[in-house]
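[1] Build the 3D model from these lines:
(4 chains, ligands or ions: 4)
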Amino acid sequence: MDEREPLLRAQGVTKAFPGALALDGVDFTLRRGEVHALLGENGAGKSTLVKCLTGAYRRDGGDLLLDGRPIDPRDTQAAQELGIGTVYQEVNLLENLTVAENLLLGRQPRRMGLVSPGATRAAAREMLAGYGLDIDVGRPLGSYSVAIRQVVAIARAVALSGKVLILDEPTASLDAREVEMLFGVVEGLRDRGLGIVFISHFLDQVFRICDRVTVLRNGRLVGTRETAGLDRLGLVNMMLGRELSEETRAHGRIDGPGGAPALAFRGFGRAGRIAPVTLEIRRGEVVGVAGLLGSGRTELAETVFGVTPHDCGTAEADDGTRLALTSPRAAVAAGFGFCPEDRKTDALVGDLSIRENIVLALQARRGWARPVPRREQAALADDYIARLDIRTTDAEKPAGQLSGGNQQKVILARWLATNPRFLILDEPTRGIDVGAHAEIIRLIEELCAAGMSLLVISSELDELVSYSHRVIVLRDRAQVAALEGAGITVESIVSAIAAPGKAAGPGPAPDARAPAREGAGA
Amino acid sequence: QTIGFSQIGSESGWRAAETTLTHQQAEERGIDLKFADAQQKQENQIKALRSFIAQGVDAILLAPVVATGWDAVLEEAKEAEIPVVLLDRTVDAPEDLYLTAVTSDLVHEGAVAGQWLAKAVGDEPCNVVELQGTTGSSPAIDRKAGFEQGIAGHDNIKIIRSQTGDFTRTKGKEVMESFLKAEDGGKNICALYAHNDDMAVGAIQAIKEAGLKPGDDILVVSIDAVPDIFKSMAEGEANATVELTPNMAGPAFDALAAYMKDGTVPPKWIQTESKLYTQEDDPMAIYEQKKGLGY
Amino acid sequence: MSRTQDFLRRILPQVVTLAVVLGLIAAVYPGFFDISMANGRLYGSVIDILNRGAPVALLAIGMTLVIATRGIDLSVGAIMAICGAVVAAAITSGFGLAPALGLALAAGLACGLWNGLLVVLFDIQPIVATLILMVAGRGIAQLVTEGAILTFTHEGLIFLGSGAIFGVPTPVAIWLAAGALTLLVVRRTALGMLIEAVGINRRAGALAGVGAGALIVAVYMVSGLCAGVAGVIAAADIRGADANNAGLWLELDAILAVVIGGTSLLGGRFSIAASLIGAMIIQSVNTGILLSGFPPEFNLIIKAAIIIAILVLQSPRLRGGPRLRRSGGRASPRKQAPRDQAPAEKKERVPS
Amino acid sequence: MTSRHLPLAATLLIFLAAYAACYAQFPAMLSTRVVGNLLTDNAFLGIVAVGMTFVILSGGIDLSVGSVIAFSGVFIAVMLRDTGLHPLAVFALLLLLTTAFGAAMGAIIHLLEMPAFIVTLAGMFLARGMAYVLSIDSIPISHEFYTTLQKAYWLMPGKGRLTLIGGLMLLVVLGGVLLAHRTRFGANIYALGGGVQTARLMGVPVGRTTVGIYALSGFLAGLGGIVFSLYTSAGYSLAAVGVELDAIAAVVIGGTLLTGGSGFIAGTLIGVLIMGLIQTYIIFDGTLSSWWTKIVIGILLFAFILLQKGLLWATTGRRWNLAGSG
Ligand SMILES: Nc1ncnc2c1ncn2[C@@H]1O[C@H](COP(=O)(O)OP(=O)(O)OP(=O)(O)O)[C@@H](O)[C@H]1O
Ligand SMILES: Nc1ncnc2c1ncn2[C@@H]1O[C@H](COP(=O)(O)OP(=O)(O)OP(=O)(O)O)[C@@H](O)[C@H]1O
Ligand SMILES: [Mg+2]
Ligand SMILES: [Mg+2]
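    Ligands and ions are numbered 1, 2, ... in the order given. Below is the predicted model of the structure:
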């Protein structure tokens, strides 16, 4: 072991869920002044370990020592009092409270017994100062974007962490600029001697900031290593227990299919959400969508799928028939599919079984009177559990009990089951481990080979590059560029995103975007 | 001349009839009647009285849902010099707070029913089952007390079971069914006393469905004299009922008219008659004349 | 694992509870289980329970579906009154039985449609949306009967209330049939799953192409229809429409039945069979109280005590069974709590 | 004024408009008498509605308040009749009881994870049952202290009275506003309404808060009972039937979401006044039959809720809403 007395030590932590041994005697040590990566496939047990450390779950076995003294946080409040601050995997803040209230909940400054809103807001602004986003802390959190919420969650956790800061996939919905900013903060804390636990599926981020890594697999400890002198492939092997051949392209795919467009959107848009876009997609073509946070990618997707019906323009199928995309129902009928960005609220039906979640869309399209036979359902479920390698004990497990990444796969399976002609993926690889990441990219290529057209939104540019035939770039909720085959490179996309108008400042400032969602909190 | 009328609600056929008659009486006298239905809530009645006072009506008719709790608002009426007449139930407030009360004597009604039963059974032993009104309501309490007075001294008459039927037919039937079960198929039961006719009508059906003959196997006596009970009497299924006249407004208006004309102060209590009807009084005829009254 | 097994496991706690309650009553009142034949009709306390429980049972069928969509229907009592009034008015004004029943049930459907539209179209919270009809409905019913009790003598109609089919009281036959039918429709088609999906996460359901709006309206209409049938039975039972008291406060009993049946008020997984058993449990308690011969002022306390006992026994903390409550406060699914914790949380807190 | 305050503004606007409309039809409606009555007659409702608001803000519901009012009345009456205790002592005792009662319900809801709707429904039966057991017939309260309290009012110009209980209600509302927006407890209540699991992860003491909320509701229901007993100077076990529904309606009309997490105490006051206004209007009209009364109340309820929605949609622009408000 090491000479330095560890800050936080977990020994033989065990945690069982009905039908799943999530943690099996895991040891974990965190030193002062280190950033320690916690890695593993989806469902490896990372979040569960974190929740056991912070008392969100009662562990079934194992000891926790903080500064060598045994601790046993009964609930997250106790953990906070011990100086352990945490950002959980799904942003755990309250959208009905204001940003300030979220930041200071439980610690509001008081004047003669009464909480003083003014002082609270001031304190909140102070807390956010270091994060380069000055938003109106008096507005409900719900009116801000995923990214902004993520940063707020981090700020709260940092403020609470006297000794230990735990970040469970904090960068999942952040873009490069915000990630850099976050790392700045983390390094600051490290230098102040805090111990930081960092969970992520972005390996380059891990190499960029972490001193050591601990890898879990199927709830067991695989090992702990110094990051220095560890190479990417070796790390991946530790995580997956197998080789993984990642071939990445330098530029987009040139083998773009020819022929008439299968779908044509003309001047298609919705006032206030996305400026009219004209877009033609051929069978078997992958069109990527790039842009900064809040650039309107999700709006584009939602408008195409009829979630927020378009108010201008038309959509035509190859046979010239007009498609009425007035509602998701209509879109599904037209053979569309849509994996939303925010799977928790927009896609997952937590209490239904994996099987039911997978057949849901198919069933909806067939109508209630023609149920998918139970046997067929089971077959479908098992098939996709195998194909997407969804980690679960069986198909009847409530989907809500799956780990983040596996939930994502279930949603994907839901739409594949309907084999749509046109599939929209909004951040399909968000929160997905390297193995599954490769899986999904392979899948995307398979699908378009099989003649399906895809519209893929992603913040990971090299990923976009590697599977897109074409990429359209959005800024301020309008299309600003379209790149083709060889013209698609990370650099070209970045420059397109940042092209003229960039003068307006370093990317659309959050507060500038804020009004975009006026009233959304109500 | 404007008169405000705060009615309890329309929870039973009898009350509906009282409301109808009050409107009729007012019309005959050319009175502009302001009607407020309190949905069985005292607070609403108090609100109504207050609003009447605020509107400055000439007089107020009040059918109090409960005896207590009127002092304050009656005080206000008095200060505003608005005479208040109580209908069909009295209140326990100082007498000077209201002009008069036109009511029947609930206890007396029960007593009449009791005496009838005592006479009917002579000195054979008789087990009575009782269907009470809504628990806690003054008619339920008084009619129970009255009946017990009525049968006092007749040790052959015993009340063996007493449950609430909430003044409704449904509950009356349901409760009677369980009475019949509990008293081995009704063989122990010699008479039924119901605090109102509606419950009796329900109970009669229960008795029939149990294969017994109401009116013979089990005597049925109840209170109110609503039309349907006379139908049952005509068919020999009910034996007696005590009338509670729905025309309380008539006497009230007369008293008010006199008072306003030359200040003749009416007696504090204008008691309406509690008439006993049995199968002898040609029930069908009474049914015919009553069924128009909006019961 | 077979579906019948799942089914039995699902309703087991309710069955046990019912058995216990019946046992208790039998202890207080020996003759409880005797059943005899009296003028062509089964006769006995148990039959009374089945018979008297009919309205609540029927209401519980519709209420279960409504609650499964995260809704609630406070208006069923009032709808009972309306439909009872309509059928009585129709019969007394010379309609035949069929058209009279048709009118009444149509009224029920219309009421349900109204509720559904308020919830879906105007996006009014179910409890308030249905509160409106709860208040106004009785008024409408009285408007039909003009405050009086509309008595009728039409034998056919009366048969629905106090007749018997092969000795089985008609109301019992009706609610059993209705229950079986609904159960079949819901489980043999995809309706059940779609309803549950919408109830758990309406937005996700809609995004998956489920016609959530139509589904919810339909569910409220079913509830209205069930209430309509219940209203007709209640009226037929007393040979008259009592607009003021028919179905008074029955909505609470119906909701209680659903919850005792283990369906969460937060929507989602539901079981009609369990709700029906729940209804019978409640009726057993009521009948038991009547048989026990306590003075009426104790009725409520006894009822409350028994209910609390039942719920405590069924509570997820003491029994790993159906959860009555899930991670709370899911106003808009956007504010949904991380679902993957809810079940674990429950597990966590079981004292070991 | 952020988007959060819109419902409040909308409600206020509607109330004023409605009052103006009533005034146009019955000029007498503007008299201080009517205003005074509006406060006095709805004092008990207002007080329990404040408690109900807290419960609903936390995503729960409390059906027991009506019965608790009845119980309180009977309890006070019996105590004053059978014991020599001074009313104030009885009040203290009662508030202790009802607060404990509420706390107990909160504890069951939290510990046994049972739905508030059902637990408080049982509470509703229990409380009224207790009232019956104490006494089924109504008991007058004739303690001189009561008369002095009832005599304590400020005669406004125009013979309208601002009574003690009316004032008390306003005080309770004021206290409620402070509690909701100026204390950590208040913030925690909103947090629970936002999502119990999330609140728990953020370190909100869920158990303590839940118990606190229902205890508070119980306390205010007891206070409402005291006010009601002052209002009627009697205890009656059948009193205040269905008041819980009135309270819920008032809270919702006041712009609070039944699903919890968003709403205002002040809005509830307006909601209560709107309910009172409906009653007053119907009485002033005085031509409605029993059944039309019910129907019109329903229609007016509907109208108010619809107006509110309309105003909100008009101001925020109707957002496409697949989720519904639950
Ligand atoms: N509430 C729960 N009930 C039952 N099983 C659960 C629950 N939560 C997690 N699990 C199981 O525990 C295992 C670990 O889950 P966990 O969320 O810790 O994975 P993870 O490492 O965080 O994955 P990801 O990278 O996708 O977040 C998974 O197999 C999951 O199915
Ligand atoms: N400035 C903003 N204020 C509030 N909400 C925003 C803002 N920008 C975006 N959002 C919301 O956050 C979500 C994601 O942002 P949006 O869809 O506009 O851009 P995007 O490119 O899809 O960003 P993301 O990378 O998060 O998908 C959407 O629901 C959007 O409505
Ligand atoms: Mg995780
Ligand atoms: Mg997006």
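[2] From now on I want contacts and neighbour counts done on CA atoms only, so please keep to that.
    Noted.
[3] give me the residue from the stretch 101-250 of chain C nearest chain B.
    Using Cα to the nearest Cα, the single residue of the stretch 101-250 of chain C nearest to chain B is C:A148, 4.8 Å away.
[4] Give me the distance between that residue and C:Q142.
    With the distance defined as Cα to Cα, to the nearest Å, C:A148 ends up 8 Å from C:Q142.
[5] Name all residues that sit in contact with these two at the same time.
    C:A243 (Cα atoms under 8 Å, 6 or more residues apart in numbering or on different chains).
[6] How many residues are close by the nearest residue to A:Y88 once chain neighbours are set aside?
    Spatially, and ignoring its direct neighbours in sequence, A:Y88 is nearest to A:D168 (5.2 Å; Cα to Cα, 6 or more residues apart in numbering or on different chains). As a burial measure, A:D168 scores 23 neighbours (other Cα atoms under 10 Å in any protein chain shown).
[7] ok, what's across the strand from A:D168?
    A:I199 (DSSP bridges).
[8] who touches it in this structure?
    Shown in contact with A:D168 (Cα under 8 Å, 6+ apart): A:S47, A:V50, A:T86, A:V87, A:Y88, A:Q89, A:F198, A:I199, A:S200.
[9] can you check A:H437 too?
    A:T429.
[10] quick one: it from A:A413, how far?
    From A:H437 across to A:A413, the span is 15 Å (Cα to Cα).
[11] got it, and A:A228?
    From A:A228 across to A:A413, the span is 38 Å (Cα to Cα).
[12] now A:V215
    Distance, A:V215 to A:A413, using Cα to Cα: 28 Å.
[13] Same check on D:Y231?
    Note on D:Y231: its distance to A:A413, by Cα to Cα, is 64 Å.
[14] same thing with A:R270?
    In terms of Cα to Cα, A:R270 sits 29 Å off from A:A413.
[15] Which one's more surrounded, those two?
    A:A413 (27 against 20).
[16] can you pull the pLDDT of whichever residue of the stretch 251-400 of chain A sits closest to chain D?
    Closest to chain D within the stretch 251-400 of chain A is A:T308: 6.4 Å, counting by Cα to the nearest Cα. Looking at A:T308, its pLDDT reads 90.
[17] Near it, how many other residues are there?
    23.
[18] Check the one 5 residues further on too.
    Number of residues near A:G313 (other Cα under 10 Å) recorded here: 14.
[19] Help me confirm that it comes into contact with A:A271.
    No. Contact status for A:G313 versus A:A271: not in contact, 11.2 Å apart, counting by Cα atoms under 8 Å.
[20] Against chain A, how distant is C:W175?
    24 Å (Cα to the nearest Cα, to the nearest Å).
[21] and the stretch 101-250 of chain C, which residues reach chain B?
    Within the stretch 101-250 of chain C, the residues that sit near chain B (Cα under 8 Å from any Cα of the partner chain) are C:E146, C:G147, C:A148, C:I149, C:S162, C:A234, C:D237, C:I238, C:N244, C:N245, C:A246.
[22] hmm, 6 Å instead?
    C:G147, C:A148, C:N244 (Cα under 6 Å from any Cα of the partner chain).
[23] The first one falls within a strand, correct?
    Pointing back at C:G147 there. No. Counting by DSSP: H, G, I helix; E, B strand; the rest coil, C:G147 is not found in a strand; it is coil.
[24] what helix or strand does the residue lying closest to it once chain neighbours are set aside sit in?
    Once flanking residues are discounted, C:G147 sits nearest to B:A16: 5.6 Å by Cα to Cα, 6+ apart. Using DSSP states H and E, the element containing B:A16 is helix B:13-28.
[25] Please point out which parts of that helix sit buried.
    For helix B:13-28, a neighbour-count test (16 or more other Cα atoms under 10 Å in any protein chain shown) marks B:13-26 as buried.
[26] I'd like those residues as JSON lines, with distance to C:E155 and pLDDT appended.
    Shown next, in JSON lines, are those (distance: Cα to Cα, whole Å; pLDDT from 0 to 100):
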{"residue": "B:G13", "distance to C:E155": "23", "pLDDT": "83"}
{"residue": "B:W14", "distance to C:E155": "26", "pLDDT": "89"}
{"residue": "B:R15", "distance to C:E155": "29", "pLDDT": "90"}
{"residue": "B:A16", "distance to C:E155": "27", "pLDDT": "88"}
{"residue": "B:A17", "distance to C:E155": "28", "pLDDT": "90"}
{"residue": "B:E18", "distance to C:E155": "31", "pLDDT": "92"}
{"residue": "B:T19", "distance to C:E155": "32", "pLDDT": "92"}
{"residue": "B:T20", "distance to C:E155": "31", "pLDDT": "91"}
{"residue": "B:L21", "distance to C:E155": "33", "pLDDT": "92"}
{"residue": "B:T22", "distance to C:E155": "36", "pLDDT": "94"}
{"residue": "B:H23", "distance to C:E155": "36", "pLDDT": "93"}
{"residue": "B:Q24", "distance to C:E155": "35", "pLDDT": "92"}
{"residue": "B:Q25", "distance to C:E155": "38", "pLDDT": "93"}
{"residue": "B:A26", "distance to C:E155": "40", "pLDDT": "94"}
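[27] What is the nearest of these to D:F219?
    Using Cα to Cα, B:R15 comes nearest to D:F219 of the buried residues of helix B:13-28, at 37.2 Å.
[28] What separation is there between that closest one and B:L244?
    Here B:R15 is placed at a distance of 11 Å from B:L244 (Cα to Cα).
[29] residues in contact with A:R110?
    By Cα atoms under 6 Å, 6 or more residues apart in numbering or on different chains, A:R110 lies in contact with A:S116.
[30] okay, now B:A145: neighbour count?
    16.
[31] Can you tell me the element it falls in?
    Assigned by DSSP H and E, B:A145 belongs to helix B:138-151.
[32] Moving C-terminal from that helix, which element do we reach first?
    Next along the chain after helix B:138-151, taking DSSP H and E as the criterion, comes strand B:157-164.
[33] ok, back up a step: for the residue of the stretch 251-400 of chain A closest to chain D, which non-adjacent residue is spatially closest?
    Excluding the flanking residues, the one nearest A:T308 by Cα to Cα, 6+ apart is A:E302, at 6.0 Å.
[34] Just give me the neighbour total for the residue in the stretch 101-250 of chain B that chain C sits nearest to.
    Per Cα to the nearest Cα, B:Q163 is where the stretch 101-250 of chain B lies closest to chain C, at 5.4 Å. With neighbours defined by other Cα under 10 Å, the count for B:Q163 comes to 26.
[35] then the helix holding B:A16 to PDB, C-alphas only?
    Output of helix B:13-28 as PDB, limited to C-alpha atoms (Å, rounded to 0.1, in the frame of the first residue of the first chain):
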ATOM      1  CA  GLY B  13     -88.600  14.400  -0.200                       C
ATOM      2  CA  TRP B  14     -90.200  16.000   2.800                       C
ATOM      3  CA  ARG B  15     -87.800  19.000   2.700                       C
ATOM      4  CA  ALA B  16     -88.300  19.400  -1.000                       C
ATOM      5  CA  ALA B  17     -92.100  19.600  -0.300                       C
ATOM      6  CA  GLU B  18     -91.500  22.200   2.400                       C
ATOM      7  CA  THR B  19     -89.500  24.300   0.000                       C
ATOM      8  CA  THR B  20     -92.200  24.000  -2.700                       C
ATOM      9  CA  LEU B  21     -95.000  24.900  -0.300                       C
ATOM     10  CA  THR B  22     -93.000  27.900   1.100                       C
ATOM     11  CA  HIS B  23     -92.700  29.200  -2.500                       C
ATOM     12  CA  GLN B  24     -96.400  28.700  -3.100                       C
ATOM     13  CA  GLN B  25     -97.400  30.400   0.100                       C
ATOM     14  CA  ALA B  26     -95.100  33.300  -0.700                       C
ATOM     15  CA  GLU B  27     -96.600  33.700  -4.100                       C
ATOM     16  CA  GLU B  28    -100.200  33.700  -2.800                       C
END
